[in-house]
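1. quick one, fold the following:
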Amino acid sequence: MSIILRKAVEGDLPALVEILNHGIKTRQSVGYYVSQSVAEMKDWFAEHMHSERYPVMVAEEDNQVIGWISLSPYRKGREAFNRTGEISAYIHEDHFRKGIGQKLLDHILLFAAGTGFRIIFAIVLDRNTPSIKLLEKNNFERWAFLPEVAEIDGILLNHLYFGKRL
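-> Numbering: from 1, shown residues only. Presented below is the predicted three-dimensional model:
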């Protein structure tokens, strides 16, 4: 089957939330404890929908969203950081290890470079090995290490900042 990459539309929000919630349940890739609802994610999604600069892109196969990536402001509202963005990506559990993350990352990096971004960050928990491997494979470098700033199920976790110059 062919994978289509496109900008997210309003009807995609339930699928994005479902994919995010899987990441929450596994306790591996995101700092939320409680699953998010479509209503809770509506404002976040609306900000991205109404911005030409900060899109959410989806990977779609057979009319189903199977993954997504967002480009968000880094230090929102602080003009000195206007050419720096933060990415977040999530893949549906049935599509792990199929290259979807790579396709989405390639797509958002091309978009970011074409719209004047200079720096892209990805901020990950240190136990999120698949994301770390993907970032390192794509020449992201570990620029910061925040020790034990997160706690999930009684386990202290580090936060890693990966950066890439475009």
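2. could you list the low-pLDDT ranges of the chain?
-> With pLDDT under 70 as the threshold, the chain has low-confidence stretches at 1.
3. tell me where it has strands.
-> Secondary structure of the chain, counting by DSSP state E: strands at 3-7, 56-61, 64-73, 84-91, 119-125, 141-152, 155-165.
4. including distance to L110 and mean neighbour count, could those go into JSON lines?
-> Just so you know, the C-beta spots here come from the backbone N, C-alpha and C atoms, and that holds for glycine as well. Putting the strands of the chain into JSON lines (distance: least, C-beta to C-beta, whole Å; neighbours: other C-beta atoms under 10 Å) gives the following:
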{"stretch": "strand 3-7", "distance to L110": "10", "mean neighbour count": "14"}
{"stretch": "strand 56-61", "distance to L110": "10", "mean neighbour count": "21"}
{"stretch": "strand 64-73", "distance to L110": "11", "mean neighbour count": "21"}
{"stretch": "strand 84-91", "distance to L110": "12", "mean neighbour count": "22"}
{"stretch": "strand 119-125", "distance to L110": "11", "mean neighbour count": "20"}
{"stretch": "strand 141-152", "distance to L110": "20", "mean neighbour count": "12"}
{"stretch": "strand 155-165", "distance to L110": "13", "mean neighbour count": "16"}
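5. now the ones you listed in TSV, with distance to R27?
-> Converted to TSV, the strands of the chain look like this (distance: least, C-beta to C-beta, whole Å):
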stretch	distance to R27
strand 3-7	28
strand 56-61	23
strand 64-73	19
strand 84-91	14
strand 119-125	9
strand 141-152	5
strand 155-165	9
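6. quick one: closest of the ones you listed to L104.
-> Taking C-beta to C-beta as the criterion, L104 comes closest to strand 64-73 out of the strands of the chain, the separation being 4.1 Å.
7. let me see the residues that make contact with that closest one.
-> 3, 8, 12, 15-16, 19, 48, 53-60, 81-82, 85-92, 94-95, 100-101, 104-105, 107-108, 111-112, 117, 120 (C-beta atoms under 8 Å, 6 or more residues apart in numbering).
8. so which of the strands of the chain comes closest to G31?
-> Nearest to G31 among those is strand 141-152; the distance by C-beta to C-beta comes to 5.5 Å.
9. distance from the chain centre to the closest one, please.
-> 17 Å (C-alpha atoms, centre = their mean, to the nearest Å).
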